[in-house]
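Engineer: build me a structure from this.
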Amino acid sequence: MTQNVLLATTVAWPSAARLAGAFANLGCRVEAMFPRGHVLGVSRYVSRAHNYRPLAPRASLAAALKAAKPDLIIPCDDRALACLLSLHAAGHASAETITRSLGCVASYPSMMNRSRSIAVAREEGILAPLTIPVANDAELAHGLEVIGLPAVLKTDGSWGGDGVVIAHTRDEASAAFRKLKGPPSRLRSLVRIYKRADLHFLQDALRPKVATVHLQRFVEGRPATSAFACRDGEVLAALHMDVVDLQRATGPASMLKRVDCPSMDDAARRIAKRFRLSGLHGLDFVRDKNGVAHLIELNPRATQICHLAFGARADLPAALLDLPPRPVATDKTLIALFPQTWQRGAPESRPSTVYDDVPWDDPEVVRASIGADLPDALAAGLEEIAQASAVLLPRGSES
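Structural biologist: This is a model prediction of the structure:
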């Protein structure tokens, strides 16, 4: 029987379109809720689109759930996850499906709190830097005495590197705390609406919120990341990567290297079991100068590498649905993520040892992601692909 998967995203990350392709290629019917202008709107793998309205997030998701009646829901960002949890708490008709998709819903408030999640990880014996909440200047001063400098300040409910500051001095920490704690001025929120074309900032302008700030001991080293699929607290498949390049200092990765790491694997198993998780999840680490991985953050939703396929124990969508794995994406260990690395040059500018993870099978997503920067030769090639594949997976309609 064909399974119906609903992808839910409130941000413009193109990784959701990669997940659409992954699930569709496993024989699923894929529906998606996303904001206007998202590349999911042109993906050949989306059977039906559901409109997401930034000023009515819960109502948008409730409408998508009612129309799609999914067997599985995949939140692709923290805001979409929060909306799902809110609907579950309100007794929505899809509460059972939400539980089946996420696992133990009662665990999520702790996972979404940076201090509590790291404290739980440390209780489980996972190597992780001390992380404490700071509510005011006095707590910040005391926290710096305990944590030391440099230190990392983070807020709950932030992602993609936003809401994270590395402070090297007390003055830097104080300035970062004031900025992160907020609330932002109405003028700043209105400027963000214009610069980022994101109406979510209108909510900040109308109903300013004070953020929860956490102080984390700084670990010198290189970032690493894991993604895993699990059901009822058992890890079914996992991917572990060292980060080779970042979009910006505290931002998402653009180049990765596949690794086997027993400690990262163990951390995924312990986290999944402790929180009794189901679905797709991610963990962020820093690997110190001795190569030891320190867990610094939990991502209780799908991350940007979840679509990749590397065999039976490393094909997350297939494992989640208990289906045979897809063909292995590549035998290369270096992975250039699309479209991030294309902003620094087309594939021919990179070594042959690098696998460019470009969705050639979803040509309109490629075109929409890099637009005018698409070289003429590739644009012509994509046109041929689009014409050849149009009859295979026709576009769906928008609800």
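Engineer: run a quick neighbour tally on the closest residue to residue 72 other than its chain neighbours.
Structural biologist: Computed as Cβ to Cβ, 6 or more residues apart in numbering, the closest residue to residue 72 that is not its neighbour in sequence is residue 5, at 4.9 Å. (C-beta placed from N, C-alpha, C; glycine too.) When counting by other Cβ atoms under 10 Å, one arrives at 27 neighbours for residue 5.
Engineer: which element is residue 5 on?
Structural biologist: strand 4-8 (DSSP states H and E).
Engineer: mind listing the strands that strand pairs with, and their directions?
Structural biologist: strand 29-35 (parallel), strand 72-75 (parallel) (DSSP bridges).
Engineer: show me the strands in the stretch 101-250 of the chain, by range?
Structural biologist: 131-134, 151-155, 164-167, 213-217, 222-231, 234-246 (DSSP state E, counting those that start in this stretch).
Engineer: JSON lines please, covering the ones you listed and showing distance to residue 335 and mean neighbour count.
Structural biologist: Formatted as JSON lines, these follow (distance: least, Cβ to Cβ, whole Å; neighbours: other Cβ atoms under 10 Å):
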{"stretch": "strand 131-134", "distance to residue 335": "29", "mean neighbour count": "20"}
{"stretch": "strand 151-155", "distance to residue 335": "26", "mean neighbour count": "22"}
{"stretch": "strand 164-167", "distance to residue 335": "23", "mean neighbour count": "19"}
{"stretch": "strand 213-217", "distance to residue 335": "27", "mean neighbour count": "24"}
{"stretch": "strand 222-231", "distance to residue 335": "11", "mean neighbour count": "23"}
{"stretch": "strand 234-246", "distance to residue 335": "7", "mean neighbour count": "20"}
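Engineer: just send those strands back as TSV, with mean pLDDT and distance to residue 34 too.
Structural biologist: Compiled in TSV, the strands of the stretch 101-250 of the chain are given as follows (pLDDT from 0 to 100; distance: least, Cβ to Cβ, whole Å):
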stretch	mean pLDDT	distance to residue 34
strand 131-134	97	32
strand 151-155	95	24
strand 164-167	94	25
strand 213-217	97	30
strand 222-231	97	20
strand 234-246	95	24
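Engineer: what sits against the residue nearest to residue 72?
Structural biologist: Contact partners of residue 5, counting by Cβ atoms under 8 Å, 6 or more residues apart in numbering, are 23, 28, 29, 30, 31, 70, 71, 72, 73, 74.
Engineer: how many neighbours does the first one have?
Structural biologist: Okay, so that is residue 23. 24.
Engineer: one more: the fourth one?
Structural biologist: Counted with other Cβ under 10 Å, the neighbours of residue 30 add up to 27.
Engineer: repeat for residue 353
Structural biologist: 8.
Engineer: tell me the phi and psi of it?
Structural biologist: phi -80, psi 0 (degrees, to the nearest 10).
Engineer: I'd say it and residue 332 touch.
Structural biologist: Yes. Counting by Cβ atoms under 8 Å, residue 332 is a contact partner of residue 353 at 6.1 Å.
Engineer: what's the helix or strand for the residue nearest the centre of the chain?
Structural biologist: By Cα atoms, centre = their mean, the mean C-alpha position of the chain lies nearest to residue 303, the distance being 3.2 Å. Using DSSP H and E, no element contains residue 303; it sits outside every helix and strand.
Engineer: and it, what is it in contact with?
Structural biologist: Per Cβ under 8 Å, 6+ apart, neighbours of residue 303: 15, 225, 227, 280, 281, 282.
Engineer: can we see that at 7 Å?
Structural biologist: 227, 282 (Cβ atoms under 7 Å, 6 or more residues apart in numbering).
Engineer: measure stretch 163-179 end to end?
Structural biologist: Across its full length, stretch 163-179 reaches 9 Å between end residues, using Cα to Cα, to the nearest Å.
Engineer: tell me, how many residues neighbour residue 145?
Structural biologist: With other Cβ under 10 Å as criterion, residue 145 counts 8.
Engineer: residue 149 too?
Structural biologist: Residue 149 has 14 nearby residues by other Cβ under 10 Å.
Engineer: please name the nearest non-neighbouring residue to it.
Structural biologist: Of all residues not flanking residue 149 in the chain, residue 168 sits nearest, at 6.2 Å (Cβ to Cβ, 6+ apart).
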